[in-house]
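Enquirer: I need the structure of the sequence given here:
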Amino acid sequence: MTWSIVARDPATGNLGIAVSSRVIAVGALCPWLRAGVGAVSTQSYTSPVAAERTLAGVAGGQPLEAAIVAALADDPGHDWRQIHGVDAAGHARAHTGASCIAWCGHWTGDAVSVAGNMLAGPEVLDATVEAWLDGGGRPFADRMLSALEAGQTVGGDKRGQQSAALKVVGDEAHAEVDLRVDEHAAPIAELRRVFDLFWRERRPYYATLPTRRDPGGIFDPDAREAFIERFKEAAARGER
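Expert: Residues are numbered from 1 along each chain as shown. Model (predicted):
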């Protein structure tokens, strides 16, 4: 019903998930992220309880694989579940139950996991993985979205498209990126449009927000506007 990519940014330690499905509002239930702990996507007869338990287990010291196993241990529907992700150290693990609807499967690599079910075929995962591996020069969030786009070009969810989401968390109170397209004929393309607008227009403002190291941020209106302008100029030069 869904496919997604979950990864850890080796440069910053940020955690991210990009996901799409032929259901409404996939971003409301599937992606689960906990800064400093891990990120998982719960799919195929989605279990938010399993995702919550998995992250709690990792936070309590369990390895990610053991946390997934424990999260599903008393779930009689575990064969219908797909859950995968990465922890804050970059360890990637995945579970695809025996009853998940074909085509289904997963792939894990260094600090990245890709998984899906009810897909057009294995080429969806292959294209997503290839785009991720080839996209090392892109900013982390853009790299994840590009990988999702590549999977859609070869079929994506075999039932069609409806929603998509992209979320990245770091070590601040606010998410680095948190975007959803809940109902659209071409949700990944729409997510790309919104993401590009966010990256250009809203990301500079985010850089002025209070942080844990600087709880004031930049609040003076003139100073904020000047900083945003400098930020945009640096971004236009490829420096941000």
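Enquirer: In the protein, what residue spans correspond to helices?
Expert: 48-59, 64-72, 122-134, 140-153, 187-197, 203-206, 221-236 (DSSP state H).
Enquirer: Just the buried residues of the first one, please?
Expert: Spelled out, that is helix 48-59. For helix 48-59, a neighbour-count test (16 or more other C-beta atoms under 10 Å) marks 50-51, 53-55, 57-58 as buried. All C-beta atoms are positioned from the backbone trio N, CA, C, and that covers glycine.
Enquirer: so what's the residue nearest to residue 204 when sequence neighbours are not counted up against?
Expert: Excluding the flanking residues, the one nearest residue 204 by C-beta to C-beta, 6 or more residues apart in numbering is residue 231, at 4.0 Å. Residue 231 is in contact with 203-204, 207, 240, counting by C-beta atoms under 8 Å, 6 or more residues apart in numbering.
Enquirer: for the chain, what helix or strand is lowest in average pLDDT?
Expert: helix 221-236 (a mean of 93; mean pLDDT, DSSP states H and E).
Enquirer: Next, the buried residues of that one.
Expert: Those would be 224, 227-228, 231, for helix 221-236 by 16+ other C-beta under 10 Å.
Enquirer: what does stretch 123-138 give?
Expert: Applying 16+ other C-beta under 10 Å to stretch 123-138 flags 124-125, 127-129, 131-132, 135 as buried.
Enquirer: Redo these as TSV? Include pLDDT and distance to residue 65.
Expert: Putting these into TSV (pLDDT from 0 to 100; distance: C-beta to C-beta, whole Å) gives the following:
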residue	pLDDT	distance to residue 65
124	97	24
125	97	20
127	97	26
128	98	22
129	98	20
131	98	26
132	98	21
135	94	26
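Enquirer: now, among those residues, which is nearest to residue 94?
Expert: In terms of C-beta to C-beta, no member of these lies closer to residue 94 than residue 125, at 10.9 Å.
Enquirer: That closest one is in contact with residue 112, isn't it?
Expert: No - applying C-beta atoms under 8 Å, one finds residue 125 not in contact with residue 112, separated by 11.8 Å.
Enquirer: distance of residue 191 from residue 162?
Expert: 12 Å (C-beta to C-beta, to the nearest Å).
Enquirer: That concludes my questions; thank you for your assistance.
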